Each structure stands twice: as structure tokens, then as C-alpha cells.
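Colleague: Provided below are the primary sequence and the corresponding predicted coordinates.
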Amino acid sequence: MAFLAARVNDALEINPPAGDQFLTVNGSNWLWTVTAIYVVSFLAIYGLSFIAPKGEKFFHYLFTIANLVGAITYYAQASDLAWSLVDTTNSFYNGATYQLFFAKYILWVVSFPTAILALGVLSGVAWTTIIFNIFLAWTWIIGYLVAAYTESSYKWGFFGFATAAYIFLAVSTLADGLKSATRVGVRGDYLKLAGWLNLLWILYPIAWGLTDGGNRIKLTSSFIFFGILDVLMIPVLTFAVVALSRKWDYGKLNIAFTQYGRVAKTEGVFPEKEVLATPAAAAPTGEQAA
């Protein structure tokens, strides 16, 4: 117990912060908590992949990567790494400098497409729609990143374009996705997952406007805001998908995978690679023919 009591967070002593608005010890403590959540989620979902039925590990593998990236990026932020010093001209704290942690944008580049891919595969929409939605997410995230590094009021132009991409993404997941999910018989579960995800997505533009955009709240408060959203989006969504997937018919959804890749279910059996037909027997010689 003395050992535990003696442990302190010395990350900011090893990696000193900078600027007028900077990461505090309390903020770092919170980020370590989020890191731990992602680590536990990563280990849990990766462990569950070993006991999942063969051909039904797609979502396990998908969210294993997302949770691992979340653990890495939050570890970097908790350690006061992966940041740039940015001027807050034309923001609430005009003229002040603050630490812009770009690690969270790296997480979003992975986590948003992960959620989109999971919804797309579940609903059965075309792969072109899934790819389109993933690029919309990347446009959204990169637009916010560019806006965060823009010191003038022109940042809000980038914000507008990026938010438009989010709106198109929301419409696609709630309209096209729901229509396709109804067709394959998973409307209820899809509506729960897509509704939850879009509810969180609505809050990201608000959080960005208060933090990297307008700098209306302190840096520690911004970490709390984004930390809660990120945990609700990936770790919570991870176990929601895995729990609901236990009743899904992977064959009917055409997301069953065998050692030979993705296959359709036929008469209750997963068709494996067909054995090549034996070559035709050589033409008989004259003596054999006789």
C-alpha cells in the first residue's frame, strides 16, 4: 500500500508542457484513466476473439485495432506528447498560446471509419457506400485538424466544409443504412447502434467549437469532453456490437468468413474451397482401346 501511495504522475516533469494553456496534472490523470479504459477494452475484445465461433470474428478483429489505437493515442496525450503550440488569435483567449494535441485526430482517423465499417457491413449496404462514408469521415476529421491549426477566423470556413461532410455521413448512415438493414432483417439492432453513434457525432462539432476551434474552455475541460465522447464511441460501441452480434445470422448477413475468406451461407453449410476436378484420363492407346 505504501508503494501505491507513493506513486505520483510525473509525466509532466519528464515531458514539460508549454504555452499559456497547457496540460495540467489533473488533466494528465484523467487521460491516464481513459488510457486504462482503452487498454482493458483492447485486451477484453482481443481475448474474446479466441472464443468466438469460426467465421464470426470480424467485429472482434475490427474493434481490437480501434481500441489499440485508442490506447496508444491516449497514452501519448497523458504523457504530454504529440502536441503543437498554437496561437489562439481570434478566439476567446485572444493572443494566448495553447497545446494542440494532434494525437486525438489520429485516433479519429481510425475510430470513425471503424464504426462506419461495422455499421456498413452489418446493414449490408454496398461497399461503394461504405467507402464513400469512410472518406466523408476522413474529410470531416482532416477539415477540423486544418481548422485547428488556422490562427485566423478563416478556420471557421474549414469547420463549415468539414461539418457538411459530417451531415452527409449522418444522412447516409441513418437513411441508406437503415433501409438496407431493414432488408436483411437487423433494423432494430442497426437503429440502436447507428442512433447511438449519430447522437455522439452531433456532440463532436460542439466539443470542437468549444475547444480547438473557439478555445472557450480550459484544456483540461476539453480533455474531459473528448475523453467521454471517445470512450462512449469505441469501448462502449465495441461491447454493444459484440453483445448484439450473438443473435445475428452471419450467413444471412453474408458476413461469414472461413479460412478462404468471405463466403455466402448455402443450406446451412459454409462452402469451402472446392476440390479441383481430377484431370481427364489420358486417351487410351490403341492396345488399350482394343
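Modeller: Looks like it came in fine.
Colleague: Which residue ranges of the stretch 151-290 of the chain form strands?
Modeller: 256-258, 261-263 (DSSP state E, counting those that start in this stretch).
Colleague: Quick one, grab the pLDDT at the residue nearest to the spatial centre of the chain.
Modeller: A centroid search over the chain (C-alpha atoms, centre = their mean) returns Ser111, at 1.4 Å, as the residue closest to the centre. Ser111 carries a pLDDT score of 97 in this model.
Colleague: Tell me where the protein is predicted with low confidence.
Modeller: 1-7, 89-95, 256-290 (pLDDT under 70).
Colleague: So which residues of it form helices?
Modeller: Along the chain, counting by DSSP state H, helices occupy 2-6, 11-14, 25-48, 58-78, 103-123, 127-149, 155-171, 177-184, 187-208, 219-233, 235-245, 286-289.
Colleague: among the ones you listed, which is nearest Asp87?
Modeller: Checking these against Asp87 by C-beta to C-beta gives helix 127-149 as the closest, at 9.9 Å. Quick note: C-beta positions are derived from backbone N, CA and C, even for glycine.
Colleague: buried ones in that closest one?
Modeller: 129-130, 132-134, 136-137, 139-145, 147-148 (16 or more other C-beta atoms under 10 Å).
Colleague: Next: stretch 244-254.
Modeller: Buried residues in stretch 244-254 (16+ other C-beta under 10 Å): 244-245, 248, 250-251, 253.
Colleague: could those residues be laid out in CSV, adding distance to Val86?
Modeller: Formatted as CSV, those follow (distance: C-beta to C-beta, whole Å):
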residue, distance to Val86
Leu244, 41
Ser245, 41
Trp248, 45
Tyr250, 46
Gly251, 51
Leu253, 45
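Colleague: how about the residues you listed, which pair is most distant?
Modeller: Leu244 and Gly251 (16.7 Å).
Colleague: Can you give the distance of stretch 32-39 from its chain's centre?
Modeller: 15 Å (C-alpha atoms, centre = their mean, to the nearest Å).
Colleague: which outside residues touch it?
Modeller: 9, 67-68, 70-71, 74-75, 78, 227, 230-231, 234-235 (C-beta atoms under 8 Å, 6 or more residues apart in numbering).
Colleague: And those residues, which two are furthest apart?
Modeller: Asn9 and Ile234 (23.9 Å).
Colleague: neighbour count winner among these two?
Modeller: Ile234 (24 against 14; other C-beta atoms under 10 Å).
Colleague: That one and Ile228: what is the separation?
Modeller: 12 Å (C-beta to C-beta, to the nearest Å).
Colleague: With Leu43 instead?
Modeller: For Leu43 relative to Ile228 (C-beta to C-beta), the value is 21 Å.
Colleague: Then Ala194?
Modeller: 20 Å.
Colleague: Alright, calling it a day.
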